[in-house]
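Student: let's see this in three dimensions:
(chains A and B)
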There are 2 protein chains.
Amino acid sequence: MQKIAVDMDGVLADVYSQFIKMHLKEFGETISPESVYGKTEGEAFVNCRKYIQAEGFFRNAPLIEGCRNVLEQINQAYELYLVSAALEFPWSLIQKIEWIKQHFPFIGWQQIVFCGSKQIIAADIMIDDHFKNLDHFPGKTILFTQPHNILKETGRHERVNSWLEIEKILL
Amino acid sequence: MQKIAVDMDGVLADVYSQFIKMHLKEFGETISPESVYGKTEGEAFVNCRKYIQAEGFFRNAPLIEGCRNVLEQINQAYELYLVSAALEFPWSLIQKIEWIKQHFPFIGWQQIVFCGSKQIIAADIMIDDHFKNLDHFPGKTILFTQPHNILKETGRHERVNSWLEIEKILL
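Tutor: Numbering: from 1, shown residues only, chains lettered A, B, ... in the order given. Model prediction:
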């Protein structure tokens, strides 16, 4: 059975909608995803780091459309791990565990990985929205489109724009 | 530079001394390490799981003798990761981060990994006290002696009884 490492933020958890909501609340300004194409999250949202540290930022993040059903099928067909480079934000760890329990009750604690660098991850397939995680990974790499990566050439990585596309590739 | 994955509990953190202290406090009985050779921690300490969940169990664990100096040298010579299968005990994660900061200030958050299963770990060398972690690892495996593993044949794993022996092998 092939091992697959699936990222959380920007692949399962819709962190952009959290940033947009919190920026709107603070500044009264609606930032569209299109207006921040090619910008890092820090460039797109001036108080990005403050929002990440706000209570419930990760716990209340909505799901990216269509991920739940496809992830459940992947969990049947692959050895699935949810891998989040979350050690930079230690306060997020418990929120992320609760979030996984709430949305993906079929995921056991054996399948969760929190790391700093993903260069320590052994798997056959990695789904991620960051080049820094995919570029060092020797297996099959799937780049999940997010506003920060949408303008870049993908190189050897296969770009997907939705979980429907992941379903077609993997299932 | 070779990657090395070093376990925490039973390799860096002296959890047995915590178990012995808490058992003594609860039952007035001193359990020597020799008396629990070959037993799992759960078999050796009847309230093992209660002790693990006690406030400060991980935060206050003493260091295993000689590990700090050798780990600092390993951190210079290798790409070092501290890898703890801690997801079974989510409340331990913050304690473990604080413990690392206190005892190994040279370890960055990029070098910490919390997982459920270590089958997701990619490295060249793994130091661990549990066969379940070493047996699936394709690289060089070093078994750190602890009372629960002391009676077992090591097979392909290299047994070490101290950090002095690790220093001789790796540095």
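Student: which helix or strand contains the nearest residue to residue A:34 once chain neighbours are set aside?
Tutor: Nearest residue to residue A:34, sequence neighbours excluded (Cβ to Cβ, 6 or more residues apart in numbering or on different chains): residue A:147, at 7.7 Å. C-beta here means a position set from N, CA and C on the backbone, and glycine is covered the same way. Here residue A:147, judged by DSSP states H and E, is contained in no helix and no strand.
Student: can I assume residue A:147 is in contact with residue A:14?
Tutor: No. Using Cβ atoms under 8 Å, residue A:147 is not in contact with residue A:14; the gap is 11.4 Å.
Student: compare the two (neighbour count), which wins?
Tutor: Between residue A:147 and residue A:14, residue A:147 has the larger neighbour count (other Cβ atoms under 10 Å in any protein chain shown), namely 22 against 18.
Student: could you measure from the more buried one over to residue A:13?
Tutor: Residue A:147 sits 15 Å away from residue A:13, taking Cβ to Cβ, to the nearest Å as the criterion.
Student: try residue A:142
Tutor: Taking Cβ to Cβ, one finds residue A:142 at 17 Å from residue A:13.
Student: ok, now residue A:136?
Tutor: 23 Å.
Student: hang on, isn't residue A:67 packed against residue A:162?
Tutor: No. Assessed by Cβ under 8 Å, residue A:67 is found out of contact with residue A:162, at 9.2 Å.
Student: out of the two, which sits in the more crowded spot?
Tutor: Neighbours per residue (other Cβ under 10 Å) separate residue A:67 from residue A:162, with residue A:67 holding more: 22 against 15.
Student: now for residue A:169, how many residues are close by?
Tutor: By other Cβ under 10 Å, neighbour count at residue A:169 equals 12.
Student: residue A:92 touches residue A:85, doesn't it?
Tutor: No. With contacts counted by Cβ under 8 Å, residue A:92 stays clear of residue A:85, the gap being 10.6 Å.
Student: and chain A, split by domain according to the record?
Tutor: A:3-14+A:62-170, A:15-53 (automatic domain parsing).
Student: okay, those domains, which one's buried deepest?
Tutor: Stretch with highest mean neighbour count among the domains of chain A: domain A:3-14+A:62-170 (a mean of 18; mean count of other Cβ atoms under 10 Å in any protein chain shown).
Student: what about it, how long is it end to end?
Tutor: 12 Å (Cα to Cα, to the nearest Å).
Student: what does stretch A:93-111 give?
Tutor: Between where stretch A:93-111 begins and where it ends, there is a gap of 14 Å, by Cα to Cα.
Student: now do it: everything it contacts.
Tutor: For stretch A:93-111, contacts defined as Cβ atoms under 8 Å, 6 or more residues apart in numbering or on different chains pick out A:8, A:12-13, A:56-59, A:61, A:63, A:68, A:71-72, A:75, A:80-82, A:84, A:86, A:112, A:114, B:87-88, B:90, B:93-94, B:114, B:116-117.
Student: which ones among these map onto helices?
Tutor: Secondary structure from DSSP state H places A:68, A:71, A:72, A:75, B:93, B:94 of the contacts of stretch A:93-111 in helices.
Student: hmm, the second one is touching residue A:12, no?
Tutor: Which is residue A:71. Yes. Residue A:71 lies in contact with residue A:12 (Cβ under 8 Å); the separation is 7.1 Å.
Student: which parts of chain A sit against chain B?
Tutor: A:3, A:5, A:79, A:81, A:83, A:87-88, A:90, A:93-94, A:97, A:108-117, A:119-123 (Cβ under 8 Å from any Cβ of the partner chain).
Student: tell me the residue in chain A that is farthest from the middle.
Tutor: Distance to the chain centre peaks in chain A at residue A:28, reaching 26.6 Å (criterion: Cα atoms, centre = their mean).
Student: pLDDT score for that residue?
Tutor: Looking at residue A:28, its pLDDT is 97.
Student: wait, what's in contact with it?
Tutor: For residue A:28, counting by Cβ under 8 Å, 6+ apart, there are no contacting residues.
Student: roughly how far apart are it and residue B:59?
Tutor: 43 Å.
Student: same check on residue A:46?
Tutor: Relative to residue B:59, and taking Cβ to Cβ, residue A:46 is found at 36 Å.
Student: distance of the residue farthest from the centre of chain A from chain B?
Tutor: 35 Å (Cβ to the nearest Cβ, to the nearest Å).
Student: so residue A:51 sits in a helix?
Tutor: Yes. Counting by DSSP: H, G, I helix; E, B strand; the rest coil, residue A:51 is part of a helix.
Student: nearest residue to it in space, please, no chain neighbours.
Tutor: Using Cβ to Cβ, 6+ apart, the closest residue to residue A:51 is residue A:22 (4.5 Å).
Student: just residue A:3 next, same as before
Tutor: Per Cβ to Cβ, 6+ apart, closest to residue A:3 is residue A:123, 4.0 Å.
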